[in-house]
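In: task: produce atomic coordinates for the following.
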Amino acid sequence: MVRRPAGWRIGEQSLARGFAAAGLAAWAASVLLAFWLAPSAAGFGTHTQLGLGECSWRRITGQERCPSCGLTTAAALWYRDRFTEAVQANGLILYWIPVQLALAGISLWLWRRPTLSHLWWMLGAMAGAAGVYALIWLGLLLRGRT
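Out: Numbers count the residues shown, from 1 in each chain. Below is the predicted model:
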């Protein structure tokens with residue numbers, strides 16, 4: 001265990017910039033990954049190139065697809081300028097692209113203005129985006145759009 005001087009704590013700016021860097025890294029990694037992955041011809045299953053198994057929802061429920069199926073494929077298609085095919089693979093890509101751009105923008109903003117209040121704003125925005133996605137997912141599920 002590392003001993004720190006009495007009263008030591010991470011600075012507010014360092015904490016905020018750390019989260020900003022993490023947000024930018026997550027955005028960059030997702031974009032690079034989408035470029036690297038070859039879109040599946042089936043319209044879903046591209047994630048298996050990462051060593052991931054089949055959709056857990058499919059495995060548990062036996063349903064053919066869940067509302068998120070095809071989202072990785074859609075991202076891989078989107079970044080290849082194949083927009084129509086991306087939306088056909090999963091229409092939620094029209095939600096996730098703006099969310100990704102917002103994450104990058106908010107992360108840059110936080111880097112330039114590293115305060116604790118801005119950090120809370122960033123975390124709140126990310127939690128809100130995740131909550132909206134969960135509601136959309138649930139709505140699609142309840143409507144039988146799997």
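In: could you measure from Phe19 over to Pro114?
Out: The gap separating Phe19 from Pro114 is 9 Å, by CB to CB, to the nearest Å. Bear in mind the C-beta positions are built from the backbone N, C-alpha and C, glycine included.
In: which parts of the strand or helix carrying Ala102 are buried?
Out: Counting by DSSP states H and E, the element that carries Ala102 is helix 93-112. Within helix 93-112, the residues that count as buried by 16 or more other CB atoms under 10 Å are 93, 96-97, 99-100, 103-104, 106-107, 110-111.
In: do the same with stretch 44-64
Out: Neighbour count says stretch 44-64 has 44-47, 55, 57-58 buried, by 16+ other CB under 10 Å.
In: distance between that stretch and the chain's centre?
Out: On the basis of CA atoms, centre = their mean, to the nearest Å, stretch 44-64 is displaced by 17 Å from the centre of the chain it belongs to.
In: and it, average pLDDT?
Out: In this model, stretch 44-64 carries a mean pLDDT of 85.
In: what's that stretch in contact with?
Out: Contact with stretch 44-64 is made by 33, 37-40, 65-66, 68-70, 72-73, 76, 89-90, 146, as judged by CB atoms under 8 Å, 6 or more residues apart in numbering.
In: now a ChimeraX select for only the buried ones of those.
Out: Buried members of those, defined by 16+ other CB under 10 Å, are picked up in ChimeraX with:
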select :33,37,39,40,66,68,69,70,72,73,76,89,90
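In: inside strands: which ones of the contacts of stretch 44-64?
Out: Per DSSP state E, strands hold no members of these.
In: from the contacts of stretch 44-64, which is closest to Ala134?
Out: Ser68 (10.7 Å; CB to CB).
In: just to revisit the earlier point, as JSON lines, the buried residues of stretch 44-64 with secondary structure and distance to Gly128 would be great.
Out: Compiled in JSON lines, the buried residues of stretch 44-64 are given as follows (DSSP: H, G, I helix; E, B strand; the rest coil; distance: CB to CB, whole Å):
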{"residue": "Phe44", "secondary structure": "coil", "distance to Gly128": "27"}
{"residue": "Gly45", "secondary structure": "coil", "distance to Gly128": "30"}
{"residue": "Thr46", "secondary structure": "helix", "distance to Gly128": "27"}
{"residue": "His47", "secondary structure": "helix", "distance to Gly128": "25"}
{"residue": "Cys55", "secondary structure": "coil", "distance to Gly128": "26"}
{"residue": "Trp57", "secondary structure": "helix", "distance to Gly128": "24"}
{"residue": "Arg58", "secondary structure": "helix", "distance to Gly128": "28"}
